[in-house]
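**Student:** this is the structure alone, sequence omitted:
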C-alpha cells in the first residue's frame, strides 16, 4: 500500500503536467482563432489603403491559422482521470492489480503529453507566422502613409498628421509584441477622413474658380492693336473718347480758291464815261 500510494502520487503529478499542456494547447488555439477572426475585417478594410502583396500573404496566413485553431478546439488533448477502485488493502493480489493499473496509466501519459505539445506547437507556429505577416503589413502601412499624405496635400495638416501618427503607432505596437490590429483600424479611419477632406477642399476650390469671372487679357496697342470693342489708350494709361465719324461732305470738301488779301476795284460800267483821276492844279 505504501508503494501504491507513492505510484499514485507520481501518476497525479504526471497527469497535472498533461493537464497543463492541454490547457496551454487550448489557450493557444483560442488565441489563434480569436486573432484570425478579429483580423479578417481589418485586413479587408486595408484594401486600397496599402500595397496588395503583403495583404494577400497575410490573408493566406490568417486562413491557415483559423483552420488550425478551429481543428485544435474541436479535438482537445485527452487527459485521463485516475481513480482507485475498491481493493483489499490486506490482499497482495488486490494491491498488485492496483499497482499494475497505476503503471499502465503512467505509461500512457508521455505519449499524450507529447501529442498535446506537438499540436500546440503547430498552433503557435501558425500564430507566429501570421504575426510576421501582420508585421509586413505594418511596414507597408508606414510606407503607404507617406505616399497618401503627399498626394492629399489640399487637406489641412491635422488630417495628414493623423495618418502618419496612426501608422507610427502600428509600428510601435508591433515592435512591443502586439499585433497592431487596433492601430490599423485607426489608420484606416484616418486615411478615409483625409481623403474625404481633401476631396471636399478640391471641390470648394473648383466651385470658387467657376464663380470667379475670367479677367480680359490686356495687349499693347502698338504691338497688335486693341481688342474688338475696346477704346484706344493714350499715353498715361487713360482712354480717349472716340470722335464721331465725319459725313462724306465733311470728309471730302470741294476745292476753293484761297482768299485774296489785296483790295479789289469795283466793277466798271462800260456805259459811263471814264473818270479823270488827274488832280487839278489849284495854283492861281
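**Tutor:** Received the coordinates, thanks. It should be emphasised that the depicted structure is a prediction, and the values quoted were computed from it without experimental measurement.

**Student:** all helices for the stretch 101-250 of the chain, in order.
**Tutor:** Applying DSSP state H, counting those that start in this stretch to the stretch 101-250 of the chain gives helices spanning 157-175, 181-211, 221-224, 248-251.

**Student:** for residue 124, which residues are in contact?
**Tutor:** Contacts here follow C-beta atoms under 8 Å, 6 or more residues apart in numbering; on that basis residue 124 touches residue 28. (Glycine included, C-beta is placed from N, CA and C.)

**Student:** which pLDDT value goes with it?
**Tutor:** Note on residue 124: pLDDT of 95.

**Student:** also residue 75?
**Tutor:** 89.

**Student:** now it: how far from residue 29?
**Tutor:** 10 Å (C-beta to C-beta, to the nearest Å).

**Student:** just residue 58 next, same as before
**Tutor:** 20 Å.

**Student:** what does residue 18 give?
**Tutor:** Residue 18 sits 16 Å away from residue 29, going by C-beta to C-beta.

**Student:** most neighbours per residue, which of the helices of the stretch 101-250 of the chain?
**Tutor:** Burial of the helices of the stretch 101-250 of the chain is given as mean neighbour count (mean count of other C-beta atoms under 10 Å); helix 157-175 ranks first at a mean of 18.

**Student:** so it versus helix 181-211, what angle?
**Tutor:** Relative orientation of helix 157-175 with respect to helix 181-211: 160 degrees, computed using axes from the mean of the first three to the mean of the last three C-alpha atoms, to 10 degrees.

**Student:** what's the mean pLDDT across helix 157-175?
**Tutor:** 94.

**Student:** which secondary structure elements does that helix contact?
**Tutor:** Applying 3 or more C-beta pairs under 8 Å, 6 or more residues apart in numbering; DSSP states H and E, one finds that helix 157-175 contacts helix 92-151, helix 181-211.

**Student:** what's that helix in contact with?
**Tutor:** Taking C-beta under 8 Å, 6+ apart as the rule, helix 157-175 contacts 134-135, 138-139, 141-142, 144-146, 148-149, 152-153, 179-180, 182-184, 186-187, 189-191, 193-194, 197-198.

**Student:** again, but for stretch 82-91
**Tutor:** 1, 4, 8, 11-12, 15, 94-95, 97-98, 101-102, 105.

**Student:** in it, which residues are buried?
**Tutor:** Neighbour-count burial for stretch 82-91, counted by 16 or more other C-beta atoms under 10 Å, picks out residue 87.

**Student:** between the two ends of it, how far is it?
**Tutor:** 21 Å (C-alpha to C-alpha, to the nearest Å).

**Student:** so how far is it off the chain centroid?
**Tutor:** Taking C-alpha atoms, centre = their mean, to the nearest Å, one finds stretch 82-91 lying 73 Å from the centre of the chain it belongs to.

**Student:** mean confidence for it?
**Tutor:** Rounded mean pLDDT across stretch 82-91 is 80.

**Student:** list the contacts of residue 13.
**Tutor:** Shown in contact with residue 13 (C-beta under 8 Å, 6+ apart): no residues.
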